[in-house]
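A.B. asks: sharing a model prediction with you, sequence too.
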Amino acid sequence: MRDRPNILLITTDQQRVDTIGAYGSTHVRTPNLDRLAQSSVVFERAYVQNTVCIPSRACIQTGRYTHQHGVRYMESVIDTTPGLPDHEKTFMDHLREAGYSTGATGKIHMMPERGFDYMEIVGGKGARWTQSTGQDIGPAPLGAQYAAWLNEKHPGGYEALYEQRRRPEYRKYKCSIVSDIPLEEYVETYILEKSIEFIEQPRDNPFFLWCGFCGPHGPHDPPASHADLYPFEDIKLPDTWEIDLSDRPAFLRRNSPRPPMTTDEQAVMRRYMSYYFCLVTLIDEYVGKLIETLEEHDILDDTLIIYTSDHGEMLGDFARFGKGNFYEPVVHVPLIGRPPGGCEPRHTQDLAEVMDIAPTILDYAEIDRPDEMQAKTLRPMLEGKDGGHEAVLSEYTSNDRRLSGKCLITQRYKYILWDTDDGGEFYDLQDDPRELRNLYHDPEFRGPRDEHAEILLRKLMQSEWGYCGGRTEPY
């Protein structure tokens, strides 16, 4: 095994933690991720630092919180979203300076991408785009590189992809359709092909590859080869659809309590969930092919592998969809780490921040963690030692910047502060892991609520000051 390992970072977009067998899923099939977990550490309690795509990924890239690097929100016109300031240095920049060959495939979602020697990228799927050009939200984000690849295989295929989204069934079924694009032309296949192409390039130096799959982010559009994996009649509908949310801040209530789903709503919901699961299993197959490529070239044990997602998806819980809140289905994501050579399988309940990926990668690349990097290396935990955070932080600012919130999670509780007049949220994740009861205004929980408000303040102050007060590690 070489002194400095190759590094493979695999990310998905909008994947729930409960869609992987290694995390206890009994309804979604992920045999390749489950096999990866057999020589990895599975972080049972990993949380993203922002609950929308670009800010979350900026945290991963820098190992810094949203309020530190400044990428706080996403514009509705994605291409106008402010990117990382020039003075912000990414872990990819550090890797290049240290002699790594760096590659990016698929959805990385930097504005613009930087720090890579090789780029075959897309901007993402984006259910709102029904035209390749001409919409006021900008050009379709799948982008020119995938368009060129697809059109070479299927002349006119890129336009056909968006034409399908203009058919009535697309809106009728909440952007859930069987793609007209076959598997061999599908965007995840392009990402896999270009990832393997990068891995197989001859080189004398170690490589870093960020492979960013686009799914299971909407539209939920599996190719026909994968569209029947989860029959609609087998889909279990969310049982929190009708729950009374009157104890939540007003913007989270959504006309609560809601009436039961109609027959038509149930049909749409089953399709929406089924196709989401289909996309997860498709990505799982391609993760397996990436690992097979490493094995075929005899470099699997020379490679650090990390798998995660930028945030989750509500998938109908509390009658909500998408992201942009701090509920567990959104802020709690998968994080699987396989050190070079593998390890004894281990599941840890220690708290991890997804941005801890940055110093972990630098640690294995023998690069010192920069002083400004707030994140904490996971390497001790990957090597069987104790670790984790006392508390983790996530942030969110809406596209129109009218709403923002901060979320602090400890081993037992979740404290959320919104800039609204009707308070925040406080959940006992030990006794109420599904967050059915907001305790923010409950007098019985005022003590722990206020204690967590103070912990949040201290964490924010520490991140402004740097490491002080004798602390040598991030909080």
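C.D. replies: Sure thing, it's come through.

A.B. asks: list the contacts for the residue nearest the centre of the chain?
C.D. replies: In the chain, the residue lying closest to the centroid (CA atoms, centre = their mean) is Asp310, at 1.8 Å. Contacts for Asp310 were tallied using CB atoms under 8 Å, 6 or more residues apart in numbering; they are Thr11, Thr12, Asp13, Gln14, Val48, Cys53, Ser56, Arg57, Ile60, His109, Val333, Val354. C-beta here means a position set from N, CA and C on the backbone, and glycine is covered the same way.

A.B. asks: distance of it from Tyr415?
C.D. replies: Using CB to CB, to the nearest Å, Asp310 is found at 23 Å from Tyr415.

A.B. asks: can you give me the neighbour number for Cys53?
C.D. replies: Cys53 sits with 21 neighbouring residues when counted by other CB atoms under 10 Å.

A.B. asks: surely it is in contact with His311?
C.D. replies: Yes: with contacts counted by CB atoms under 8 Å, Cys53 reaches His311, the gap being 7.2 Å.

A.B. asks: okay, and the common contacts of those two?
C.D. replies: Residues touching both Cys53 and His311 by CB under 8 Å, 6+ apart: Gln14.

A.B. asks: quick one: the strands in the chain?
C.D. replies: Secondary structure of the chain, counting by DSSP state E: strands at 6-13, 41-47, 101-107, 118-122, 207-216, 303-309, 332-333, 335-338, 346-353, 392-397, 404-409, 413-418, 425-428.

A.B. asks: so who does the nearest residue in space to Lys153 that is not next to it in sequence touch?
C.D. replies: Distances taken as CB to CB, 6 or more residues apart in numbering place Glu185 nearest to Lys153, at 5.3 Å, with adjacent residues excluded. Neighbour list for Glu185: Leu150, Lys153, His154, Gly157 [criterion: CB under 8 Å, 6+ apart].

A.B. asks: same thing but 6 Å
C.D. replies: Residues in contact with Glu185 (CB atoms under 6 Å, 6 or more residues apart in numbering) are Leu150, Lys153, His154.

A.B. asks: buried subset of those residues?
C.D. replies: Buried by 16 or more other CB atoms under 10 Å: Leu150, His154, out of the contacts of Glu185.

A.B. asks: re earlier: mind putting the contacts of Asp310 into JSON lines with distance to Arg369 and pLDDT?
C.D. replies: Output for the contacts of Asp310, formatted as JSON lines (distance: CB to CB, whole Å; pLDDT from 0 to 100):
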{"residue": "Thr11", "distance to Arg369": "21", "pLDDT": "98"}
{"residue": "Thr12", "distance to Arg369": "26", "pLDDT": "98"}
{"residue": "Asp13", "distance to Arg369": "27", "pLDDT": "98"}
{"residue": "Gln14", "distance to Arg369": "29", "pLDDT": "98"}
{"residue": "Val48", "distance to Arg369": "20", "pLDDT": "98"}
{"residue": "Cys53", "distance to Arg369": "25", "pLDDT": "94"}
{"residue": "Ser56", "distance to Arg369": "20", "pLDDT": "98"}
{"residue": "Arg57", "distance to Arg369": "19", "pLDDT": "98"}
{"residue": "Ile60", "distance to Arg369": "15", "pLDDT": "98"}
{"residue": "His109", "distance to Arg369": "24", "pLDDT": "94"}
{"residue": "Val333", "distance to Arg369": "22", "pLDDT": "98"}
{"residue": "Val354", "distance to Arg369": "16", "pLDDT": "98"}
